[in-house]
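**Q** quick one: sequence and predicted model below, then my questions.
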Amino acid sequence: MAVATEDVRIPAAAIPLAGAPVDLRKRRRPGEIIIQGFLLACGTLSILTTLGIVYVLLMETLRFFGRGGFNPLDFVTKTTWQPAIGEFGIWPLVTATFVTSLVAMTVAVPLGLSVAIYLSEYASTRARSTLKPILEVLVGIPTVVYGFFALTFVTPGLRSLLGRDTVEIYNMAAAGLVMGIMILPTISSISEDALSAVPNALREGAYALGATKLETAVKVVVPAALSGIIAAFILGMSRAIGETMIVAIAAGSGPSFTVNPLHAAETMTGHIVRLSGGDLSYDSIEYSALFAIALMLFLITLVLNLLGRQIIKRFRESYE
Amino acid sequence: MSTDPNLAPMPETTPAPDRQEFAGNLSRRHRAAKIWRVVFQASTVVGIVVLLTLLYNIVTESFGLVAVQNEVEPAALAIGGVPMEDLSKEQLVEILKGKVSAGIMRRLERDEPFAQRSREGVLTLVKERVVNPEIVKSWPLTESLLKRGAIEEEVRQNHPKARLEFKSWLNWNFLVSPQSSEALLTGVRAAFLGSLWMIAITMLIAFPVGVGAAIYLEEYYSDNWLTRLIQTNINNLAGVPSIIYGMLGLAIFVRALEILTSGALFGLTDATTANGRTILSASLTMALLVLPVIIINAQEAIRAVPGSLRQASYGLGATQWQTIWHHVLPNALPGILTGTILAMSRAIGETAPLVVVGASTYVAFDPSGPFSKFTALPIQIYQWTSRPQEEFRNIAAAAMIVLLIMLLALNAAAVLLRNRYARRW
């Protein structure tokens, strides 16, 4: 910034006249206050969004339970979800959600952790700077594309591998496998952050004791970064549970109470998408039932996210 | 690291271990280290291989051989040696009348009188209704290239009337045609325009609000409960599944604010959009969805502007807002824009909230504004993927290429922006 130095003259008016006291108090600037008010409003919008979500989900859920016609306890005790005949047991949807998510985790946890260890402990700076962006492309791919991949590539592959009779056309395994690939970058990048945050002194200490690179990584660095890695798993799990399009396309339509990943079943998200895609009347019980499912989903992911973030915060504090 | 056991000094109190056992143990440890190194490296490769497979799967479905069978050959429709494509509108209408039942003619007349239709419109009708080409079978690209002979043989035997041709499902017609229930004639025009409208309005809302919130949190920061609450809340909102936003949009924008989102407030009375399932509803929902992304990225960009710059500005007597507007924002802008572009690409790819908010499955006309009913690219892909017919998979794959190219362009812009303007302080 260029400041004219040679010609700085204090304007005559600014020189306090003897006797007349200058008002040194902060001047009021209505413009600034208005702007600050607007900015605060922008910030509070996010709180309104949360309140809106909670309000909408709670209200409709209360309406759902309040309209009678079925025992509210059925919601958590029955194992059939058939809105058409008044059966509202949420278990089939919950089990399907957890089966697909667990399949996803069995892919993403070992892969993601290996990738994180490789990138953080083994890869050269150059290798990392090329590999990381490529893996991050996986984050940017829309989930419908993953769904298409699951349906047109993974499912036929599974069927020819395990037999057409054992694997149904729509199955949770294909959706789960592809979901695992989808959350892989989430898990690997958060884990890698945790691994990189481990101070080098620990690694050098291990080397000095004669540990190999593997022993240093697995017995020293990973345990030191464990809380961050666990947080990565939790956040990945939360993403898998909330994922919609992959399961809507590939896991099947129609709730079914099964834990066999080779069978078709509808997850909570898949059910919401399928039913709301049709024309639901706002007064129907199906409509309010969707909000009860959504509330359940919201609570599960909220707990997982809070847990994950809390753990991350803890491990960040420990090394800084 | 030394691998020579002689160099390791042994404390005298412990008995020296068997040298052979020590060497064996050491080589075993080294072997394990090597094997696991390969395993870790391989996992990274697996991720990349899957990504490539995914792209390969899309490409191979978008191109390939198809066996087409016409109901009536176009050559048979030529009048006096003039091919069908060059006939006048009146002649084309005559052909239609001759081949199509009276009931359908009446319905077509009711949709839009023939007197008002363009020649191209009638030609399309003739192609659709009279020639009526149908795909009897399609093959993916790899198969088409590697097993051409077998495919030709199969077509000769099973579909003697069909003609085998190489087809790129991604073609100009596909980009500019409106939607149709026929796989051969359908296009992504309405979906593409719908996506553009939605993104534009989403960004119009989310960008100022998001940047405003980020400025508040970074510049007017005071450690009170409100700021902390907003910050925690934004971080949590970023993790809420997108479908929940869809539910929020359905209950608030579509249902409660129907009078606004259907345009009734502005005197619009279109029966098809009176239910509030319009571009505006979708954009508002999407704006809430991408808001945390924009805020978090903008906050990082603003935080990266060094404090000395602000102090210099204050030192010259600028007010807080003058400092922000003239110094902080211009310096943070590249970062803010990069984050905004990333938010845009997230919004373009989102499907679930749009389905819940009520994207139409069939829109034959271009969206004309915030109050028209809409469809979007990912919605179309979802629709087409859900259909059992083989050829709709090809169409879905072609639409995915369009979507991925859009995303690629956006991300390339973000990278360029970052490399061109990013400053390290």
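**A** In hand now; what should we look at?
**Q** who are the contact partners of the residue of the stretch 51-200 of chain A found nearest chain B?
**A** Closest contact between the stretch 51-200 of chain A and chain B, by Cβ to the nearest Cβ, is at A:P142 (3.0 Å). Using the backbone N, CA and C atoms, a C-beta is placed for each residue, glycine as well. By Cβ atoms under 8 Å, 6 or more residues apart in numbering or on different chains, A:P142 lies in contact with A:M245, B:I348, B:G349, B:E350, B:T351, B:P378, B:L403, B:L407.
**Q** check A:I190 and give its pLDDT.
**A** On pLDDT, A:I190 comes in at 90.
**Q** B:I279 contacts B:T375, correct?
**A** No - B:I279 lies out of contact with B:T375 (Cβ atoms under 8 Å); the separation is 9.9 Å.
**Q** tell me, what residue is most central in chain A?
**A** Per Cα atoms, centre = their mean, the C-alpha nearest to the average position across chain A is that of A:R239, at 3.5 Å.
**Q** so that one lies in a helix, does it not?
**A** Yes - using DSSP: H, G, I helix; E, B strand; the rest coil, the assignment for A:R239 is a helix.
**Q** residue contacts, residue 226?
**A** No chain specified, so I'll use chain A. Neighbours of A:L226 in contact, by Cβ under 8 Å, 6+ apart: none.
**Q** returning to what we had before: find the residues that touch each one of B:I279 and B:T375.
**A** B:G194.
**Q** quick one: secondary structure of B:E165?
**A** strand.
**Q** contact partners for it?
**A** Counted by Cβ under 8 Å, 6+ apart, B:E165 has contacts B:L65, B:V66, B:V68.
**Q** for B:V131, same thing?
**A** Taking Cβ under 8 Å, 6+ apart, one finds B:N70, B:E71, B:V72, B:E73, B:P74, B:L77, B:M84 in contact with B:V131.
**Q** the second one should be in a helix, yeah?
**A** So the one you mean is B:E71. No - assessed with three-state DSSP, B:E71 is coil; it does not lie in a helix.
**Q** that one: neighbouring residues, count only.
**A** Around B:E71 there are 12 other residues, counting by other Cβ atoms under 10 Å in any protein chain shown.
**Q** hmm, back to that, what's the residue of the stretch 51-200 of chain A closest to chain B sitting at in phi/psi?
**A** Note on A:P142: its backbone torsions stand at phi -60, psi 150 [degrees, to the nearest 10].
**Q** where along chain A do the strands fall?
**A** A:81-82, A:87-88 (DSSP state E).
**Q** check the offset of the first one from the chain's centre.
**A** Okay, so that is strand A:81-82. 28 Å (Cα atoms, centre = their mean, to the nearest Å).
**Q** what mean pLDDT does it get?
**A** pLDDT averaged over strand A:81-82 gives 84.
**Q** low-confidence stretches in the chain?
**A** Using chain A. The model of chain A has pLDDT under 70 over residues A:1-20, A:315-320.
**Q** hmm, I had chain B in mind actually
**A** B:1-17, B:268-274, B:422-425.
**Q** can you tell me the closest non-neighbouring residue to B:I279?
**A** B:F374 (4.5 Å; Cβ to Cβ, 6 or more residues apart in numbering or on different chains).
**Q** surely that neighbour and B:A359 touch.
**A** Yes - counting by Cβ under 8 Å, B:F374 touches B:A359, with 6.1 Å between them.
**Q** rewinding a little: how about the strands of chain A in a markdown table, adding distance to A:E136 and mean neighbour count?
**A** Listed next are these as a markdown table, based on distance: least, Cβ to Cβ, whole Å; neighbours: other Cβ atoms under 10 Å in any protein chain shown:
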| stretch | distance to A:E136 | mean neighbour count |
| --- | --- | --- |
| strand A:81-82 | 37 | 18 |
| strand A:87-88 | 41 | 20 |
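**Q** mind listing the helices for the stretch 251-400 of chain B?
**A** For the stretch 251-400 of chain B, applying DSSP state H, counting those that start in this stretch gives helices covering B:258-261, B:279-303, B:307-315, B:320-323, B:329-349, B:352-357, B:377-386, B:390-421.
**Q** what's the most buried one of the ones you listed?
**A** helix B:352-357 (a mean of 27; mean count of other Cβ atoms under 10 Å in any protein chain shown).
**Q** dump the C-alpha coordinates for that one into PDB.
**A** Presented in PDB, the C-alpha positions along helix B:352-357 are these (Å, rounded to 0.1, in the frame of the first residue of the first chain):
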ATOM      1  CA  ALA B 352     -32.300 -37.700  -3.100                       C
ATOM      2  CA  PRO B 353     -33.500 -34.300  -1.800                       C
ATOM      3  CA  LEU B 354     -34.800 -33.500  -5.300                       C
ATOM      4  CA  VAL B 355     -36.800 -36.700  -5.500                       C
ATOM      5  CA  VAL B 356     -38.300 -36.000  -2.000                       C
ATOM      6  CA  VAL B 357     -39.100 -32.300  -2.900                       C
END
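**Q** how about it, does it get close to chain A?
**A** Yes - contact of helix B:352-357 with chain A (Cβ under 8 Å from any Cβ of the partner chain) involves B:A352, B:V355, B:V356.
**Q** contacting residues for the residue of the stretch 201-320 of chain A found nearest chain B?
**A** Closest contact between the stretch 201-320 of chain A and chain B, by Cβ to the nearest Cβ, is at A:G242 (2.6 Å). Going by Cβ under 8 Å, 6+ apart, A:G242 touches A:T269, A:L297, A:T301, B:V240, B:P241, B:S242, B:I243, B:I244.
**Q** rewinding a little: now the strands of chain A in a markdown table, with distance to chain B?
**A** Below are these laid out as a markdown table (distance: least, Cβ to the nearest Cβ, whole Å):
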| stretch | distance to chain B |
| --- | --- |
| strand A:81-82 | 17 |
| strand A:87-88 | 17 |
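**Q** got the ones you listed as TSV, with distance to B:P178 columns?
**A** What follows is those, written out as TSV (distance: least, Cβ to Cβ, whole Å):
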stretch	distance to B:P178
strand A:81-82	38
strand A:87-88	41
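**Q** show me what from the stretch 51-200 of chain A comes close to chain B.
**A** Contacts of the stretch 51-200 of chain A with chain B, taken as Cβ under 8 Å from any Cβ, map to A:52-53, A:56-57, A:60, A:110-111, A:114-115, A:117-119, A:121-123, A:131, A:134-135, A:137-138, A:140-149, A:151-153, A:181, A:184-185, A:188.
**Q** which of the residues you listed are buried, as a ChimeraX select command?
**A** In ChimeraX, selecting the buried portion of those, with burial taken from 16 or more other Cβ atoms under 10 Å in any protein chain shown, looks like this:
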select /A:52,53,56,57,60,111,114,115,117,118,119,121,122,123,131,135,137,138,140,141,142,143,144,145,146,147,148,149,151,152,153,181,184,185,188
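**Q** which non-adjacent residue is nearest B:R310?
**A** Per Cβ to Cβ, 6+ apart, closest to B:R310 is B:T323, 5.4 Å.
**Q** please see if the helix or strand harbouring B:V68 touches chain A.
**A** Using DSSP states H and E, B:V68 maps to strand B:63-69. No - Strand B:63-69 lies out of reach of chain A by Cβ under 8 Å from any Cβ, never closer than 13.2 Å.
**Q** hey, what's in contact with both of B:F374 and B:A359?
**A** Joint contacts of B:F374 and B:A359 (Cβ under 8 Å, 6+ apart) are B:G194, B:A282.
**Q** and B:I135, helix, strand or coil?
**A** Relying on three-state DSSP, one would call B:I135 strand.
**Q** contact partners for the nearest residue to it once chain neighbours are set aside?
**A** Nearest residue to B:I135, sequence neighbours excluded (Cβ to Cβ, 6+ apart): B:E391, at 4.7 Å. B:E391 sits next to B:V66, B:I135, B:S138, B:A183, B:L184 when contact means Cβ under 8 Å, 6+ apart.
**Q** pretty sure the first one contacts B:I135?
**A** Yes - checked against Cβ under 8 Å, the pair B:V66 and B:I135 is within contact range at 5.2 Å.
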